[in-house]
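>>> Here is a sequence together with a model predicted from it:
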Amino acid sequence: FCDRVFKQVGRLNDHVKNKHAEELAEKDREEEEAREKQKAEGDKLFDVGSKAGFYDKKSPKQMLQEWCQKHKRPKPRYQVRALEGGRFGCKTVMRDPKHDDRDIVVFLDEALGATSKTEAEQRGALAALHRVQGD
């Protein structure tokens, strides 16, 4: 709000309440509007219409990386390839550090091709998660 420096948190909070009440109220209104908008949209984890996806928790790539860490595998590799019609597919490879014949390779179905490379990687990670969970 301003350039003043306070050594005690209580004095800083008092200063903000007294001198910057309007700015604080505006910030609270913006946060409340954002919460209401999120409630109206519901609990969606993936918005297909966005460029890289919208996640309010963890993305599929993050979940897959955590699964690989838990099972002592190296970070998964994503190979994005162009499909017909300007869409993208993805090949996800999860290597086994000890045995090359136990690598897990998952191809994203062409019918599920994405409109961007980052979205294709997310969908590839989701397909790999389904594979390792037994779906």
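Thanks, I have it.
>>> Just give the closest residue to the spatially most central residue of the chain, not the sequence neighbours.
Nearest to the geometric centre of the chain sits residue 59, at 3.4 Å (Cα atoms, centre = their mean). Of all residues not flanking residue 59 in the chain, residue 122 sits nearest, at 6.1 Å (Cβ to Cβ, 6 or more residues apart in numbering). Every residue, glycine included, has its C-beta placed from N, CA and C.
>>> What distance do you get for the one you found to residue 68?
Residue 122 sits 16 Å away from residue 68, going by Cβ to Cβ, to the nearest Å.
>>> For residue 119, grab the count of nearby residues.
21 (other Cβ atoms under 10 Å).
>>> Please apply the same query to residue 129.
Residue 129: 17 neighbours (other Cβ under 10 Å).
>>> returning to that earlier point: just to be sure, the residue nearest to residue 59 is in a strand?
No: assessed with DSSP: H, G, I helix; E, B strand; the rest coil, residue 122 is helix; it does not lie in a strand.
>>> so where do the helices sit in this structure?
9-19, 21-41, 60-70, 117-133 (DSSP state H).
>>> so the helix or strand of the chain with the lowest mean pLDDT versus helix 9-19, what angle?
Among the helices and strands of the chain, helix 21-41 carries the lowest confidence by mean pLDDT, DSSP states H and E, at a mean of 82. Relative orientation of helix 21-41 versus helix 9-19 (axes from the mean of the first three to the mean of the last three Cα atoms, to 10 degrees): 90 degrees.
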